[in-house]
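*Asks:* Predicted model and sequence below, questions to follow.
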Amino acid sequence: MKLIVGLGNIGREYENTRHNIGFMVVDELAKRLGVSFGKEDRSAYCAEYRAPEKILIIKPTTYMNLSGFAVGAYANFYHIEPEDIAVIQDDMDLPVGHLRIRRKGSAGGHNGIKSITEHLGTSEFPRFKIGIGHPERNNKAVINHVLHQFQGEDKILVDAAVKNMADALELWLKNGDLDAVMTKFNTKKAKKEKPPKEIKVNQENSAEKPAATDAEGIAPQN
C-alpha cells in the first residue's frame, strides 16, 4: 500500500498559492487515475485507487503546520511504512519549477514536514519537492511569498512542474524504484562555464626581435 500526501492549506483564499503546490500535484494525479476526493476523514480529504495495489491520496485539512496529524492517522490505521509515504511539498531553496526528489532528509524549515516527522517518529520518508523560489530573508516577506499566487513566467514553469511531478509519482507507483525516479526527474544543475585557459608565454621569447632594415625600411637580403 502507498500513501501520497499533498501539502497545502484548505480554503479558497489559498488555492493556487505557492504553499499549496502539493495540493496541485495530488489533484493532477487523482485526475489521471480517475478518482476523486471524498468527505473529510482522519483530518484529510482522501481519494482511493486500486490497480492492483491500494493507493491512498490525501490532502490534510489541518492547515500546513499540523499536517502530521492526518499523515500519522492514515499511516497508523493502514499500517503503512514510512518508505511507502510520498510527501509532495514546496521548497523555497529551489528555483521556481525545479524538481528535487529525495528518499529522506531534514525539514529544512518547512513546518508541514516538521509536523509529519514528529507524528511518524522518523524523517525517512520520500520527499517530492517543487521549487517556488525565495524572497527576502525575513518572516514577513516569506509569509507573503508562500501565500502568493504564481503569475506570468512563474505560472508557466509551475504548471509544467506539476505535470512532471505527477509523472514522477506515477512512475514510482508503477515500479517502486525511487532511484530511477530521481535519476529521471530531478532537475539537473546547470553547468558553470569554465573560464578560458590562460596561455602562458615564455617571457624570454614573448617579444619578437625586429628584423634589421635598411634606410628604406626593407629587410636586407643576403
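*Replies:* Structure's in. What do you need? Numbering: from 1, shown residues only.

*Asks:* Flag the shaky bits of the chain, pLDDT-wise.
*Replies:* By pLDDT under 70, the weakly predicted segments of the chain are 135-150, 190-222.

*Asks:* which parts of the longest helix anywhere in it are buried?
*Replies:* Selection of the longest helix in the chain by residue count, based on DSSP state H, yields helix 152-175. Taking 16 or more other C-beta atoms under 10 Å as the neighbour-count basis, helix 152-175 is seen to contain the buried residues 154, 157-158, 161-162, 164-169, 171-173. Glycine gets a C-beta too; all of them are placed from N, C-alpha and C.

*Asks:* Report all helices and strands that it contacts.
*Replies:* Helix 152-175 makes packing contacts with helix 21-33, strand 85-91, strand 99-102, strand 127-131, helix 178-185 when contacts are defined by 3 or more C-beta pairs under 8 Å, 6 or more residues apart in numbering; DSSP states H and E.

*Asks:* chain center to that helix, what's the gap?
*Replies:* The offset between the C-alpha centroid of helix 152-175 and the centroid of the whole chain comes to 9 Å, using C-alpha atoms, centre = their mean, to the nearest Å.

*Asks:* could I get the buried residues of helix 152-175 as JSON lines with distance to residue 49?
*Replies:* JSON lines is the format used below for the buried residues of helix 152-175 (distance: C-beta to C-beta, whole Å):
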{"residue": "154", "distance to residue 49": "31"}
{"residue": "157", "distance to residue 49": "28"}
{"residue": "158", "distance to residue 49": "25"}
{"residue": "161", "distance to residue 49": "22"}
{"residue": "162", "distance to residue 49": "19"}
{"residue": "164", "distance to residue 49": "20"}
{"residue": "165", "distance to residue 49": "17"}
{"residue": "166", "distance to residue 49": "13"}
{"residue": "167", "distance to residue 49": "16"}
{"residue": "168", "distance to residue 49": "17"}
{"residue": "169", "distance to residue 49": "12"}
{"residue": "171", "distance to residue 49": "15"}
{"residue": "172", "distance to residue 49": "14"}
{"residue": "173", "distance to residue 49": "9"}
